[in-house]
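> all I have is the shape, not the residue letters:
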């Protein structure tokens, strides 16, 4: 079965650089969620989209932006990277209105040096 | 705001034994859902089991079962016949309504030993 695809798997950037993370949801899943998991931490909700519109917003820094495209894939854009942005970034997807939780991708490990 | 608390940072269990992971939560909502996710060393987040708050019957998935005590706001996970592949970080998570964000606990690292 198709899963949530995230790219790249690993990314190394220098401070003040920009990074773009991509997420391809499971087919027919119209809702996408982004989470950030710092080292030894639990995942923290960043932002979610439904039908290309932002549906909820969590602790996402102003330096970050995200969008969902017409094919339902989503991109998380991160600018002016800081050392503290080093983390595992998960994307998850679900059909809208589900109460079954959602399916996570394998994550993108971002390292800022 | 909802909070999820996992008071056991680490636990260890021998293969084939049973272990229970604790989770408590705080909410003023009446309609919500609870989950246990497993995160093995591969870092993939895998759904283990879910529970609907309006259902009194405890959820069961093969070797995994929960003890849901709504009045006490407690949601523990029991793993029976533990296997080496159960070694992972386990996160308790809470969701209000549908298609909503998940709020995670801080996790319990479970080590299954021979």
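That came through fine. Owing to the predicted nature of the structure, the values given are computational and were not obtained by experimental measurement.
> so where's chain B shaky on pLDDT?
B:98-99 (pLDDT under 70).
> which residues of it fall in strands?
B:3-5, B:10-14, B:19-21, B:24-26, B:32-39, B:46-52, B:60-61, B:64-69, B:74-79, B:88-96, B:103-104, B:108-113 (DSSP state E).
> is the last one up against chain A anywhere?
No - residues of strand B:108-113 are not located near chain A by C-beta under 8 Å from any C-beta of the partner chain, the shortest gap being 9.7 Å. From N, CA and C alone the C-beta is placed, and that goes for glycine too.
> around chain B, pick out the residues from chain A.
A:31, A:33, A:35, A:41-45, A:48, A:50, A:55-56, A:58, A:88, A:90, A:92, A:94, A:96-104, A:106-107, A:109.
> same thing but at 7 Å, please
Residues of chain A found near chain B (C-beta under 7 Å from any C-beta of the partner chain) are A:31, A:33, A:42-43, A:45, A:48, A:50, A:56, A:58, A:88, A:90, A:94, A:96-101, A:104, A:106-107.
> re the thing from before, could you dump the strands of chain B to CSV with distance to residue A:6 and mean neighbour count?
As requested, the strands of chain B are exported to CSV (distance: least, C-beta to C-beta, whole Å; neighbours: other C-beta atoms under 10 Å in any protein chain shown):
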stretch, distance to residue A:6, mean neighbour count
strand B:3-5, 25, 16
strand B:10-14, 28, 14
strand B:19-21, 27, 19
strand B:24-26, 28, 16
strand B:32-39, 15, 23
strand B:46-52, 15, 18
strand B:60-61, 26, 12
strand B:64-69, 26, 18
strand B:74-79, 27, 21
strand B:88-96, 19, 23
strand B:103-104, 19, 22
strand B:108-113, 24, 17
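> redo those as CSV? Include distance to residue A:65.
Putting these into CSV (distance: least, C-beta to C-beta, whole Å) gives the following:
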stretch, distance to residue A:65
strand B:3-5, 28
strand B:10-14, 37
strand B:19-21, 37
strand B:24-26, 31
strand B:32-39, 27
strand B:46-52, 29
strand B:60-61, 38
strand B:64-69, 38
strand B:74-79, 35
strand B:88-96, 25
strand B:103-104, 23
strand B:108-113, 34
